[in-house]
Each structure stands twice: as C-alpha cells, then as structure tokens.
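Q: have a look; sequence and predicted model below, questions after that.
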Amino acid sequence: MSNFTWPQGRSVKIAPRANQHAISLTIHETGDGPAVVFCHGFPELAYSWRHQLPVVAAAGFRAIAPDQRGYAESSAPPAVTDYGLTELTGDMAGMLDALKIERAIFVGHDWGGFVAWAMPVLYPERTAGVVGVCTPYMAIPPTSVMRAMVNGKDERMYILWFQEPGRAESVMDRQARLIFDRLMRAPLSPEESAKRAMASGELDMNPFRRIEELKAETPTIVTQEELDTYVHAYEESGFRGGINWYRNIDRNSREHPEIGVAKLTLPCLMITAEWDGALPPRMAAGMPALCSDLEMHNVERAGHWVQQEFPDAVNQTIVDWLRRRFKKIGSS
C-alpha cells in the first residue's frame, strides 16, 4: 500500500438530534463493502488511521475515518456541553444516516475508543462490532478519583488540568509543533516511564504543561511530512475542541452510567499495546466478564500510538478478525 494516497476529505452534514445543533464532519473513505468506521483519539486526526484505511479497504470493506467533532475542519461548536458522549455517538449515528449505512463496525483508539464502545450501548441497532485499540470497554473514572491520585494537585494530571476552559489551550495552542514532535515517538519502557513520572517525588502525569522540558530521547514514529500534517491542522484549529471532550467526563457518567458496565454480546476485538503508558493492557483485564464474544491481542513493545508505530501488526489483527466475523468481499 506504499502508493496509497490519503483520500481527500469531504464534508458530511449531520442532522441535529434532540437539542443538538446541526454540524458537519469531514470524512475520509475508501473501498466498498461492510462499513468500518475508524474513530481517532486526542490529540489526533482521521489521518491517524492512514495505515489502516487502505488495508481494510483491500480486504473488502468500506473504510471510513471522520475528523470528529472539534477536530480539523469538522464543526467545533462553542459550548463545552456540545462535546459529551451523547453528542459524539449521535454524530456517528448521524454520519451513518447521511451515508445511508444501516450498521457499521466501529474501531476506536484513545478517546475514539470510548466513542466506539459506547455505540453498542446507545445505538445497538447501528453497531455490528467493535474494535478497541488501546482503549478497553470500561467506565471512565470520575475526576474525583483522578484528583485523589495526585493529592488534589490538578496540574499534575493532564485530564484535571484540562478541566478549566481556556487554561490548557493558552499553553498548547502556541506549541503545536513541539507537542507533536515529542508525542509521536517510540515509548519508554514501563519501568522508565514510572521512574520519570515520580522524578520529583510526586506523581506527574501531565506532559502538556511542561512539553518544552521533555527530551526527544526515542526515535520518531512519523515522517516529517506526517508530522507537518498534524502540526498544520492544529495550528489552524487549536486544541479546544478535543480538550472539551475531557470536560464532559463527569457528565458522561451521570447521563450514561450503563456504559462500561452493561454486558455486550456483539463481536468485540481488543488490541492492547504492551508499553502504553496512558492505557496499559492491565486496564482491559475486566473485559472478558463484560464481553461474551471477545478476542484479545497484545502488540509487544508498542506504545500508545500503536496503529502508527506498528501498523502491520494492527492491520493483520483487524483484517483477520473482520474476515472471520463479517462478510468477505474482495481480497488483500
């Protein structure tokens, strides 16, 4: 797939649901067959799935990657409350409506994983299967639990630091290139990561507020052109949209306490990354009790950006599962 050209995005209008506003999402798609929707995380883009779309399309599926609400050229509504799971899953269902797709398999990484796992709970009739990449099926811990982890020092936990509107954006929006240069790198070992996190004697899980202090110690996992794609997108949009997803964590729990608790019976695939510091494999330990039709695979020595760092391993696992569990069309 070395000659694959990332498909040009096209705008799709999403009809309003309940009290939501109508928005538009920029989507990138290729292939024909059963629909597979790829949901990106933070701080990412639909482009984060550039290695997966052509391979899944070649296997006989219609591969679709949207820039989700608040990202790139997709709509970025002004209110913080426009970015809860109610709105985000509604966008995915609305996108299927606009594309005249009855059901889809949802693949999600990072925050996109929480959207993907919420789909069979909130829209079971639209969801044929779910693939979690790093993100397990689980309830998101409330901010009170995170606050206890850092003894009330919000600046030491990026999710808590994100909660005050405008605070994180004022630091991050002017450092897009440095952020992506430091993030898009091979991981440290879990032992070394833990050592760094406790370097000051207190747990610190907020690289964004001190990004200029992070050293480029490991090899980059993206080319210069790929890095530029991320940087240019965020220099245009800023980080507000994606950060607003985090500002709805407690609201999501109040509105949808069943997500991460309700048992799932549809086909599920979980791909963990051995050296993922954000969502380590141990967080998926409870999934067999919640997902009756589950396969689990681990990518050794992989970090949080596993689909970009080890695309061949991720692609092989996803395509093998898709071919066995869903209609086969075409060949790779």
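A: Looks like it arrived, so ask away. Numbers count the residues shown, from 1 in each chain.
Q: got the contact list for stretch 258-269?
A: 85, 114, 117-118, 120-122, 124, 127-132, 137-140, 252, 287, 290-297, 317-318, 321, 325-326 (C-beta atoms under 8 Å, 6 or more residues apart in numbering). C-beta coordinates here come from the backbone N, C-alpha and C atoms, glycine included.
Q: in it, which residues are buried?
A: 259-260, 264, 266-269 (16 or more other C-beta atoms under 10 Å).
Q: repeat for stretch 286-296
A: Neighbour-count burial for stretch 286-296, counted by 16+ other C-beta under 10 Å, picks out 287, 290-291, 294-296.
Q: now the helices for the stretch 201-332 of the chain?
A: Secondary structure of the stretch 201-332 of the chain, counting by DSSP state H, counting those that start in this stretch: helices at 224-237, 240-246, 249-255, 287-290, 306-309, 311-325.
Q: for Glu274, phi and psi?
A: phi -50, psi -40 (degrees, to the nearest 10).
Q: how about Glu300?
A: phi -70, psi 140.
Q: that one: how many residues sit nearby?
A: By other C-beta atoms under 10 Å, the residues close to Glu300 number 9.
Q: quick check: the gap between it and Leu122.
A: Using C-beta to C-beta, to the nearest Å, we find Glu300 at a distance of 34 Å from Leu122.
Q: narrow the contacts of stretch 258-269 to those that are buried.
A: 85, 114, 117-118, 120-122, 127-132, 137-138, 140, 252, 287, 290-291, 294-296, 317-318, 321, 325-326.
Q: where does the protein dip in pLDDT?
A: 1-2, 18-19, 200, 328-332 (pLDDT under 70).
Q: how is it partitioned into domains?
A: Following automatic domain parsing, the chain resolves into domains at 10-140+251-325, 143-245.
Q: nearest spatial neighbour of the one residue sitting closest to the centre of the chain, chain-adjacent residues omitted?
A: Among the residues of the chain, Gly41 comes closest to the average C-alpha position under C-alpha atoms, centre = their mean, at 2.4 Å. Excluding its sequence neighbours, the residue lying closest to Gly41 (C-beta to C-beta, 6 or more residues apart in numbering) is Asp110, at 2.2 Å.
Q: surely the one you found touches Cys134?
A: Yes - Asp110 is in contact with Cys134 according to C-beta atoms under 8 Å; the separation is 6.3 Å.
Q: what touches both of these two?
A: By C-beta under 8 Å, 6+ apart, the residues touching both Asp110 and Cys134 are 278-279, 304.
Q: any of those buried? List them.
A: For the shared contacts of Asp110 and Cys134, buried by 16+ other C-beta under 10 Å: 278-279, 304.
Q: pick the one among those closest to Asp181.
A: His304 (15.6 Å; C-beta to C-beta).
Q: ok so, going back, looking at Asp110 and Cys134, which has the bigger crowd around it?
A: Neighbours per residue, other C-beta under 10 Å: of Asp110 and Cys134, the larger number sits with Cys134, 28 against 22.
Q: from Leu279, how far out is the more buried one?
A: Applying C-beta to C-beta to Cys134 and Leu279 gives a distance of 4 Å.
Q: before we move on, what about Ala313?
A: Distance from Ala313 to Leu279, by C-beta to C-beta: 17 Å.
Q: now swap in Pro136 and tell me
A: Counting by C-beta to C-beta - Pro136 and Leu279 are separated by 7 Å.
Q: name the residues contacting each of those two.
A: 113, 272.
Q: Ala148: neighbour count?
A: Count around Ala148 with other C-beta under 10 Å applied: 10.
Q: do the one 3 residues further on as well
A: Applying other C-beta under 10 Å, we find 9 residues neighbouring Asn151.
Q: Ser24 now?
A: 16.
Q: help me confirm that Ile14 comes into contact with Met92.
A: No - look at Ile14 against Met92 with C-beta under 8 Å: they stay out of range, at 9.1 Å.
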